[in-house]
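In: Model the following, please.
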Amino acid sequence: MDLANARVGQLSIPVQDFERGVAFFRDTLGLPFLFSAPPQMAFFQCGYVRLLVGVPPKDEPPQRPCATIYFHVEDIEAVHETLRRRGVRFRTEPHAVHRSGAMELWLAEFEDPDGNSLALMCEMVAPVALQPA
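Out: A predicted model of the protein is given here:
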């Protein structure tokens, strides 16, 4: 048996400043806060996936950000504008990264205050697919 039918249940996001990390994911990104657990862990709901935002134990070497979390949204322009107004500094504006027939994949990349890579992603109907035949 392998992971072919598994689903991601939780992702861990390392932060150096617990309060700053909680505020960013709760207040800036607007993710629903679930609960806190010692030592310095906070849990948020993001669709079917739970995010653990936490400070690594002091006896562990500092973790370097390494993965990117892509937040799938329905309206990338609206979410981008909301987060920009809340102080998120985007590395890229929303842009198409892939076009195929009836679909386009759009991304807008940014980072949390600890340098973890995050991005908005949106799958949209291609403009050509909207034109009458």
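
In: going forward, measure contacts and count neighbours with C-alpha atoms only.
Out: OK.

In: Partner strands of the helix or strand that Leu51 is a member of, with direction?
Out: Element membership for Leu51, per DSSP states H and E: strand 49-54. Next to strand 49-54 in the sheet, as set by DSSP bridges, lie strand 10-14 (parallel), strand 41-46 (antiparallel).

In: can you pull the buried residues of it?
Out: Arg50, Leu51, Leu52, Val53, Gly54 (16 or more other Cα atoms under 10 Å).

In: can I assume Phe18 is in contact with Gln40?
Out: Yes: when contacts are counted by Cα atoms under 8 Å, Phe18 is listed as touching Gln40 (6.4 Å).

In: Show me whatever sits in contact with both of the two.
Out: Gly54, Val55 (Cα atoms under 8 Å, 6 or more residues apart in numbering).

In: which one among the buried residues of strand 49-54 gets closest to Glu77?
Out: Nearest to Glu77 among the buried residues of strand 49-54 is Leu51, at 23.8 Å by Cα to Cα.

In: Quick check: that closest one vs Phe25, distance?
Out: For Leu51, the distance to Phe25 (Cα to Cα, to the nearest Å) stands at 9 Å.
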